[in-house]
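# What follows is a protein structure lacking sequence information:
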């Protein structure tokens, strides 16, 4: 019995997209490539909104990696999940 290679390939693509999204999210938080102000600075600016590319990349992480939404269900679980 030969198994199709398509599910394995889709799984690999999903894992790569997940890690790519995670790396992109980490890069944006750590190095601040959009030079976003802190929340204190944004409050003093008044009508401030982040750049459109920032919102697109942030939304793309949740669209391309829906498993990242699972952290909402696991908030507060702490040691019980271990």
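Arrived safely, thanks for sending. Predicted model only: the values in this text are computed from it and were never measured.
# Can you mark which positions in stretch 16-25 are buried?
For stretch 16-25, the neighbour count (16 or more other CB atoms under 10 Å) marks 18, 21, 25 as buried. No exception for glycine: its C-beta is placed from N, CA and C like everyone else's.
# Verify the stated contact: the second one with residue 60.
Yes. When contacts are counted by CB atoms under 8 Å, residue 21 is listed as touching residue 60 (7.1 Å).
# out of the buried residues of stretch 16-25, who's nearest residue 48?
Among the buried residues of stretch 16-25, residue 25 lies closest to residue 48 (CB to CB), at 21.2 Å.
# Tell me which residues touch the closest one, please.
Residue 25 is in contact with 58, 61, counting by CB atoms under 8 Å, 6 or more residues apart in numbering.
# how near is it to residue 6?
Residue 25 is 28 Å from residue 6, where distance means CB to CB, to the nearest Å.
# still on that earlier bit, quick check, nearest of the buried residues of stretch 16-25 to residue 42?
Using CB to CB, the buried residues of stretch 16-25 come closest to residue 42 at residue 25, 19.7 Å.
# Quick check: which element contains the closest one?
Assigned by DSSP states H and E, residue 25 belongs to helix 6-31.
# what's the model's confidence in that helix, averaged?
Average pLDDT, helix 6-31: 83.
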